[in-house]
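1. Have a look at this prediction, sequence included:
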Amino acid sequence: MNLQYLIHLANYSDGVLYVLGVLLLVELAVMVDRFWYLRRTILRGLVFVQDLGRHGRLDRDTLDHMANDAGDLPEAALLRMAAAHHGQVKGEALTSRLEESVLVLAPQLDRRLWLLDTIITLAPLLGLFGTIIGMFHAFSVLAAPGHAPAAVTGGVADALVATASGLFIAMLGLVAFNAFNNQVRQILLQLDSVKTMLLNRMDGQPMFTPDNHDQQRSGVLSVARAS
């Protein structure tokens with residue numbers, strides 16, 4: 001199969017194979033990008049979760065330091081949120097704020113996966129469309145006087161290449177799409193683990209302020225006078 005024959009096949013489908021080629025390039029680009037990002041995020045996140053599990057009580061300075069070490073990991077957003085509310089918010093309120101960070105991060109994890117989902121559906125349909133067009137060319141030979149039967153069968157075989165190409169692109173994209181969805185699920189589980197660890201390692205006591213000090217001092221004086 002040489003380049004000239006490939007061009008013949010593409011022209012036989014009225015350019016549909018060219019469109020399928022573009023879809024294949026887009027699909028491969030998304031696969032490489034998402035594989036590199038998601039795999040790297042999972043491996044670094046696993047190390048981060050293990051390191052966080054070795055900590056006891058977390059104060060604000062420790063949270064800020066760990067957030068800087070996390071860099072561009074999704075876990076860094078949770079650490080910054082926890083550090084910003086350390087000593088001010090606790091219990092359900094802190095849990096809601098950490099869950100808010102996870103919800104904000106979710107679109108970043110499955111970014112561009114919609115392209116794979118679209119290609120999985122579109123490629124077989126385009127392949128079938130190209131085959132139908134090829135069939136028109138193949139059977140148009142019958143209208144010509146003195147036609148050769150081999151020309152019709154050869155044209156049908158060329159037309160089916162478009163359907164085969166569309167199915168191949170869709171199957172490749174389906175495998176990648178399911179694998180990436182599984183990796184996104186793993187990252188979300190890691191984020192949920194980090195959220196639970198942060199809640200278990202933060203005391204949630206109110207931050208010491210001059211107003212709190214004055215209130216505590218007046219309360220002590222009142223108790224002393226009453227006794």
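-> Good, I have the coordinates. Numbering: from 1, shown residues only.
2. which residues touch R44?
-> Counting by CB atoms under 8 Å, 6 or more residues apart in numbering, R44 touches L73. Placement of C-beta: from N, CA and C, glycine included.
3. if you set the cut-off to 10 Å instead, what comes out?
-> 70-75, 190 (CB atoms under 10 Å, 6 or more residues apart in numbering).
4. Look up how far L167 lies from L128.
-> 9 Å (CB to CB, to the nearest Å).
5. now do L73
-> 38 Å.
6. now do L199
-> Per CB to CB, L199 is found 48 Å from L167.
7. who touches L172 in this structure?
-> By CB under 10 Å, 6+ apart, the residues touching L172 are 24, 27-28, 31, 116, 119-120, 123.
8. for the chain, which residue is closest to the average position?
-> D110 (2.1 Å; CA atoms, centre = their mean).
9. Now do the same contact list for the spatially closest residue to it that is not a sequence neighbour.
-> Among residues not flanking D110 along the chain, V184 sits closest, at 5.2 Å (CB to CB, 6 or more residues apart in numbering). The contact partners of V184, by CB under 10 Å, 6+ apart, come to 34, 38, 41-42, 106, 109-111, 113.
10. Filter these down to just the buried residues.
-> For the contacts of V184, a burial check counting by 16 or more other CB atoms under 10 Å picks out 34, 38, 41, 109-110, 113.
11. which two in those residues are spaced the farthest apart?
-> T41 and L113 (14.1 Å; CB to CB).
12. For burial, what's the neighbour tally of I132?
-> Residues near I132, counting by other CB atoms under 10 Å, number 14.
13. do E75 as well
-> Here the count is done by other CB under 10 Å, and E75 has 27 residues near it.
14. surely it meets Q50?
-> No - between E75 and Q50 there is no contact under CB atoms under 10 Å: 11.9 Å.
15. Kindly export stretch 176-186 (C-alpha atoms) in CSV.
-> Extracted in CSV, the C-alpha atoms of stretch 176-186 (Å, rounded to 0.1, in the frame of the first residue of the first chain):
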residue,chain,number,x,y,z
ALA,A,176,-8.3,5.5,25.8
PHE,A,177,-11.4,7.2,27.0
ASN,A,178,-12.3,4.5,29.5
ALA,A,179,-8.7,4.3,30.8
PHE,A,180,-8.6,8.1,31.3
ASN,A,181,-11.9,8.1,33.1
ASN,A,182,-10.5,5.4,35.5
GLN,A,183,-7.5,7.6,36.1
VAL,A,184,-9.6,10.6,36.9
ARG,A,185,-11.6,8.5,39.4
GLN,A,186,-8.3,7.5,41.0
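16. Can you name the residues that contact the residue nearest to the centre of the chain?
-> 34, 38, 117, 180-181, 183-185, 187-188.
17. returning to what we had before: now list the buried members of the contacts of L172.
-> Using 16+ other CB under 10 Å as the burial test, these include 24, 27, 31, 116, 119-120, 123 as buried.
18. any chance of those residues in JSON lines, with distance to A82 too?
-> Compiled in JSON lines, those are given as follows (distance: CB to CB, whole Å):
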{"residue": "L24", "distance to A82": "44"}
{"residue": "E27", "distance to A82": "39"}
{"residue": "M31", "distance to A82": "34"}
{"residue": "L116", "distance to A82": "34"}
{"residue": "I119", "distance to A82": "39"}
{"residue": "I120", "distance to A82": "39"}
{"residue": "A123", "distance to A82": "44"}
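19. State the pair within those residues that is farthest apart.
-> Using CB to CB, the buried ones among the contacts of L172 span at most 13.9 Å, a distance reached by M31 and A123.
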